[in-house]
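**Student:** Based on what follows, work out the 3D shape:
(2 chains)
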Amino acid sequence: MALLIEARDLTKKYGAHVALDRANLKIEAGRIVGLIGPNGAGKTTALRAILGLTSYEGQLTVLGREPLRERTSLMQDACFIADVAVLPAWLRVDQAIDFVAAVHPRFRRDRATGFLAKTEITGHRRMRELSKGMKTQVHLALTMAIDAKLFVLDEPTLGLDILARRTFYDALVNDYMDETRTILITTHQVEEVENLLTDLIFIDKGRIVLDSSLEEVATRFVAVAVAADRLDAGRAAKPFYERQILGKSELYFENADREKLAPFGELRTPSVADLFVAKLSGGAA
Amino acid sequence: MNTNLWLIRREFWENRAIWLLPAVFGAMLIVAALFGHVQLPSLTSPNEIHTFGAAFLVAFGLMFYTVMSVYATWYLLDCLYADRKDRSILFWKSLPISDTDTVISKLIVALIVIPVVSFVAADITALLAAFIVSIRLRASIGSTLWQPDVWLQMQVLWIYTVVTAAIWYLPVAGWLMLVSAWAKRAVILWSFLPPLLLYIIERWFLGSNVVGRVISRRLTGLPAVALNTSGGKSWHVDGDSLTLPSSVFHFINPSGFFASPQVWIGAAVGVALILAAIQLRMRRSEI
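**Tutor:** Okay, the predicted model is just below:
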C-alpha cells in the first residue's frame, strides 16, 4: 500500500517547549485517520508540519513531497480546513468561489455551487454576515469541490452547535469520502468521529502513543469489568489501566489472552474514548 | 500569470480603500471647486499660461500621491499581518499559491497599483475641477487649466514618478513588509522603533549620524535624485516664487537616476528585505 504520509523523528520545538518529540507516523492511502490527543499534545503542530505551514526537524514526506519547501505543489493534491473560523470576514461567497476556481487546477466549480445550492447561503453574502455553521458550509463547499488525495481537518467542528456538526460529518462521509481519498482529522469530540474512522493515532506530550487501525484495536485491547472479590487476581494479570465504574473495577489490557481474562468478568472492546483515557492515564502511571 | 492577476484582484476586494480613498478625496476636491473661492490669475504670455496649466495638474497629482503614499505605507504594514491576526492565512495557505507570489502581489499593489490609481484619480479630478472652475469664472477651459500638450507631458511625469518611486522606495517597502510578516502585534510601533533605536544608539555612543542621514535621505531624497530641480525659469504668482522647467523632459532626469549608485544599493537592500519577508511568510503562519 502506498504511503501517503511518512514521518520519521518529526520534532518541533518552540523555544524550550517541545511540541513534537521524535514522532513517527505512517498513513496509508484510502484511510480515515483520527489524530487524537489532549490539548497541547502536538496535534495541531503535527498537522501544521504535514501541511507545510511550519518548519520542523526530522524527516517528513507527504504525497512524495517535502511539505515546507513544496507547499505550493502539495496544495494541488491536498486540502485542509484548519478550524472553521478562518475564512476572511471581508470575502464574499461568490468571490471565494471565483478565486479558488481561478487558482486551483482541481477545483470543480459546479460541485461547490451545487453544494451551496442546498443551503440558504447566497453568493453576495460576506463571511462576516454568516453564522459559524454557514461559514463551515461555505468552507466545506470550497474544499470538497477540490479533487484532492489528502484532506486534513483540524478541529473542524469547534464552536459549532450539534446540528451543524452533524451536517458537517454527514456531508463529509456522503459527499466526499471514497477509496481514493485519505482524510486526516483531529478533534476533541472523539465520540463524534468514532464510527467514521478506520485508523487511530493517539498523541501525547509530542509523542505518538498509539498508531493502529480500528480492527487491530479490537483485537489488541480489551476491557474487563471485574467484581471486587476477583480484583487482586485481575490486577495480577497486569492491566495497563484501571478505573472504577458503578462499584466495579474495569481493567484494561493490551495484547492479553482473552481466554485467561474471561473468568475475571465481562469482556468488552473499549470505545475510542475509553481507550484514549486509558492509554493516556495509563501511560502516565 | 493568471494567478498573479487574481491575487491583485483579491487585494482590491480586501482593501477597498485603494479606490474608495481616492474617490472620496476626489469628491472633496470637486466640492471645493464647486463651492469654494476660485480665482484665475490673468496671464498673457504663452509661457506663463503653459506653466500655470502644468502647476495646476502637478498640484492635483501631488495631493493624491501624498494621500495615497500614507495609505500605501499602512497597506504594506498591514498586508502580511492582517491575515495572520484573523487566522485567515490558514485559508489562503490551503491554496496552491506560493508565498513568493503572494508577497510579490502585495508589493506590486503598493508600489505600482496604488500610485497608478492616485495619478488616474488626479487626472480625472483635475479635469472635472478645471471644467467646473472654468464654468464658474466663465473662462474657456482650454485657455489655462486644460492644455492637451501639458496634460500629455504630465502623464510622462506620472509614469516616470511611478517607476522611479517604485525602485527608490523598494527598501522602505521591504522593511515594512518584513515587519508585517514578523510582528506579533503593534506593527506601527515595530516599523519605526528599531530604526529610531539604532539612530539613538549611534548618536549616543558614536556621536555620528549615519543612520539618521541614510533614512532621512531615503524618505525625502527622491526628487533630488530623479528630477532636475535647477535650471528652470522663475515665475511669480501672487508674490510666491515658483521655479518650474518649461518642459517635463527637462524636468525628469532618468540618466542621473539610473546611474546613481544609491538607487541600486537601495534596491539591493530592498530585494534582500523582501526575500526575508517571503521566508518569514513561509514559516510564520500564525501569531
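
**Student:** hang on, A:I121 packs against A:Q137?
**Tutor:** Yes - in this structure A:I121 lies within contact range of A:Q137 using C-beta atoms under 8 Å: 6.4 Å. Where you see a C-beta, it was placed from the backbone N, CA and C, and this is true even at glycine.

**Student:** Between the two, point out the one with more neighbours.
**Tutor:** Neighbour comparison, A:I121 and A:Q137: the larger count goes to A:Q137, with 24 against 18 (by other C-beta atoms under 10 Å in any protein chain shown).

**Student:** The more buried one: which element?
**Tutor:** Element membership for A:Q137 (DSSP states H and E) is helix A:132-144.

**Student:** who touches that helix?
**Tutor:** Judged by C-beta atoms under 8 Å, 6 or more residues apart in numbering or on different chains, the contacts made with helix A:132-144 from elsewhere in the structure are A:79-81, A:84-87, A:93, A:96-97, A:100, A:107, A:111-113, A:115-116, A:119-121, A:127, A:130, A:151, A:156-157, A:159-161, A:163-164, A:167-168, A:171-172, A:175-176, B:91, B:94.

**Student:** Stretch B:65-83 now?
**Tutor:** Looking at stretch B:65-83 with C-beta under 8 Å, 6+ apart, the contacting residues turn out to be A:88, B:11, B:14-15, B:17-18, B:21-22, B:25, B:89, B:92, B:103, B:106, B:109-111, B:114-115, B:117-119, B:122, B:161, B:173, B:176-177, B:179-181, B:183, B:187-188, B:191, B:277, B:280-281.

**Student:** Buried residues of that stretch, list them for me.
**Tutor:** Under the neighbour-count criterion of 16 or more other C-beta atoms under 10 Å in any protein chain shown, stretch B:65-83 has B:65, B:67-69, B:71-83 buried.

**Student:** Which of the contacts of helix A:132-144 fall within strands?
**Tutor:** Among those, the members falling in strands (DSSP state E) are A:79-81, A:151.

**Student:** coming back round to it: report the angle between the helix holding A:Q137 and strand A:78-82.
**Tutor:** With axes from the mean of the first three to the mean of the last three C-alpha atoms, to 10 degrees applied, the angle from helix A:132-144 to strand A:78-82 works out at 170 degrees.

**Student:** now helix A:132-144, how far from the chain's geometric center?
**Tutor:** Taking the mean C-alpha point of helix A:132-144 and that of its whole chain, the gap between them comes to 18 Å (C-alpha atoms, centre = their mean, to the nearest Å).

**Student:** Give the buried residues for it.
**Tutor:** Buried residues in helix A:132-144, counting neighbours by 16+ other C-beta under 10 Å, are found at A:133-144.

**Student:** Can you name the residue of the stretch 101-250 of chain B nearest to chain A?
**Tutor:** Per C-beta to the nearest C-beta, the residue of the stretch 101-250 of chain B with the smallest distance to chain A is B:D101, at 8.2 Å.

**Student:** list the buried ones in stretch A:114-134?
**Tutor:** Along stretch A:114-134, the positions that meet the burial threshold by neighbour count (16+ other C-beta under 10 Å) are A:115-116, A:121, A:125, A:127, A:130, A:133-134.

**Student:** again with stretch A:176-186
**Tutor:** A:176-177, A:181-186.

**Student:** Between the two ends of that stretch, how far is it?
**Tutor:** Distance across stretch A:176-186, first residue to last, is 17 Å (C-alpha to C-alpha, to the nearest Å).

**Student:** Please pick the buried ones from the contacts of stretch B:65-83.
**Tutor:** A:88, B:11, B:14-15, B:18, B:21-22, B:25, B:89, B:92, B:103, B:106, B:109-111, B:114-115, B:117-119, B:122, B:161, B:173, B:176-177, B:179-181, B:183, B:187, B:191, B:277, B:280-281.

**Student:** For stretch B:105-124, list the C-alpha coordinates in CSV.
**Tutor:** As requested, the backbone C-alpha atoms of stretch B:105-124 are provided in CSV (Å, rounded to 0.1, in the frame of the first residue of the first chain):
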residue,chain,number,x,y,z
SER,B,105,1.4,40.7,-5.5
LYS,B,106,1.1,42.8,-2.4
LEU,B,107,4.4,44.6,-3.2
ILE,B,108,3.1,45.4,-6.7
VAL,B,109,-0.2,46.7,-5.3
ALA,B,110,1.7,49.1,-3.0
LEU,B,111,4.4,50.3,-5.4
ILE,B,112,2.6,50.2,-8.8
VAL,B,113,-1.1,49.8,-8.5
ILE,B,114,-1.7,52.4,-5.7
PRO,B,115,0.4,55.1,-7.4
VAL,B,116,-1.2,54.5,-10.8
VAL,B,117,-4.6,54.7,-9.1
SER,B,118,-3.6,58.0,-7.5
PHE,B,119,-2.5,59.6,-10.8
VAL,B,120,-5.5,58.4,-12.6
ALA,B,121,-7.7,59.8,-9.9
ALA,B,122,-5.7,63.1,-10.0
ASP,B,123,-6.2,63.3,-13.8
ILE,B,124,-10.0,62.7,-13.5
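
**Student:** List of residues touching that stretch?
**Tutor:** Identification of contacts with stretch B:105-124 by C-beta under 8 Å, 6+ apart yields B:4, B:7-8, B:10-11, B:15, B:18-19, B:22-23, B:25-26, B:57, B:60-61, B:63-65, B:67-68, B:71-72, B:75-76, B:79-80, B:151, B:154-155, B:158, B:161-162, B:165-166, B:169-170, B:173, B:177, B:274.

**Student:** residue boundaries of the helices in chain A?
**Tutor:** For chain A, the helices defined by DSSP state H occupy A:43-50, A:71-77, A:93-103, A:109-117, A:132-144, A:162-171, A:190-193, A:214-220, A:231-236, A:258-261, A:272-284.

**Student:** right, so those: which one is the most enclosed?
**Tutor:** Among the helices of chain A, the stretch with the highest mean neighbour count (mean count of other C-beta atoms under 10 Å in any protein chain shown) is helix A:43-50, at a mean of 25.

**Student:** anything in that one sitting right up against chain B?
**Tutor:** Yes - using C-beta under 8 Å from any C-beta of the partner chain as the criterion, contacts between helix A:43-50 and chain B involve A:R48.

**Student:** Packing partners of that helix?
**Tutor:** Under the contact definition 3 or more C-beta pairs under 8 Å, 6 or more residues apart in numbering or on different chains; DSSP states H and E, helix A:43-50 sits against strand A:3-14, strand A:17-28, strand A:32-36, strand A:57-62, strand A:78-82, strand A:150-154, strand A:182-186.

**Student:** For A:G234, which of these is the nearest?
**Tutor:** Shortest separation from A:G234 across these is recorded for strand A:32-36, at 27.1 Å, computed as C-beta to C-beta.

**Student:** got a list of contacts for that closest one?
**Tutor:** Counting by C-beta under 8 Å, 6+ apart, strand A:32-36 makes contact with A:27, A:43, A:46-47, A:177, A:182-187, A:190, A:193, A:196-203, A:272, A:276, all of which sit outside it.

**Student:** Likewise for stretch A:269-279?
**Tutor:** Applying C-beta under 8 Å, 6+ apart, the set of residues contacting stretch A:269-279 is A:34, A:36, A:190-191, A:194, A:197, A:200, A:202, A:204, A:209-210, A:217-218, A:221-223, A:240-241, A:243, A:252.

**Student:** What residues of stretch B:251-262 count as buried?
**Tutor:** Of the residues in stretch B:251-262, those with enough neighbours to count as buried (16+ other C-beta under 10 Å) are B:251-253, B:257, B:260.

**Student:** for the strand or helix carrying B:V116, what is the average pLDDT?
**Tutor:** Mapping B:V116 onto the secondary structure by DSSP H and E places it in helix B:114-136. Per-residue pLDDT values across helix B:114-136 average out to 93.
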